[in-house]
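*Asks:* what's the 3D shape of this:
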Amino acid sequence: MIGTPFDVLPYVRGIQMVLAKYEGYTKGKRRDADKLIRDEIIRASGRARAHIINVHDSSFKDGAIPIARAAKATCTEIDVLIEDVNKATTGMNHAFLSGNRSATNSDLKKLIKHDHDVIEMVTKSVNIANSAELAFNSGSEQAEIIKLIRQCQQMTTSCRGFFGSRATLLGGLRQKSKKKKE
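*Replies:* Just a heads-up that it's a prediction; the model follows:
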């Protein structure tokens, strides 16, 4: 584990509830942990997309075009999130004899907390998408269904932005700080 595990233990345990193999960013397993997190975000996004695509297809067949349009926009946003995760930079190269600096305990704590929060957000998106599909299948009002679909889209957009800020955390590991000479 990292220096003071009690600070991040709740976040590690939270992630472990979803990813049994997750151990945090322990030495020698940092790339594996990074891959686990990214794979989970993609998997969960795919689940949300499956719910929304079901609503899209059924509403299109039923002639409920406003619902189908909202669902299509949400599917597009989910696809962009998945693409962002697939193409995002992976950090944690060893800094020995390079311009990179090593990850500190503080960096790893921030990254673990950030990963936990992203997984929570994408899980909320899945739950909202499930609620939208349930509302559609139970015959709820069109406005209510569209509202749920747009909430899923908004949560996905927020997740995308928050995941994007992960690059800033990892980017801090890329440059050694330059000390000023006086």
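
*Asks:* Quick one: classify residue 89 as helix, strand or coil.
*Replies:* Following DSSP: H, G, I helix; E, B strand; the rest coil, residue 89 is assigned to coil.

*Asks:* And it, how far from residue 106?
*Replies:* Remark: distance between residue 89 and residue 106 (Cβ to Cβ, to the nearest Å) = 20 Å. Backbone N, C-alpha and C define where each C-beta goes, glycine included.

*Asks:* Likewise for residue 145?
*Replies:* 45 Å.

*Asks:* Tell me which of these two has more neighbours.
*Replies:* Taking neighbours as other Cβ atoms under 10 Å, residue 145 and residue 106 compare with residue 145 leading, 26 against 12.

*Asks:* Show me what counts as buried in the helix or strand harbouring residue 50.
*Replies:* According to DSSP states H and E, residue 50 maps onto helix 30-62. Neighbour-count burial for helix 30-62, with 16 or more other Cβ atoms under 10 Å as criterion, is recorded at 30, 33-34, 36-38, 40-41, 44-45, 47-49, 51-56, 58-59.

*Asks:* What's the mean pLDDT across stretch 77-85?
*Replies:* Averaging pLDDT along stretch 77-85 yields 95.

*Asks:* got the residue ranges for the helices in the protein?
*Replies:* 5-18, 30-62, 65-87, 105-137, 142-164, 166-171 (DSSP state H).

*Asks:* so where's the protein shaky on pLDDT?
*Replies:* 1-29, 90-103, 105, 170-182 (pLDDT under 70).
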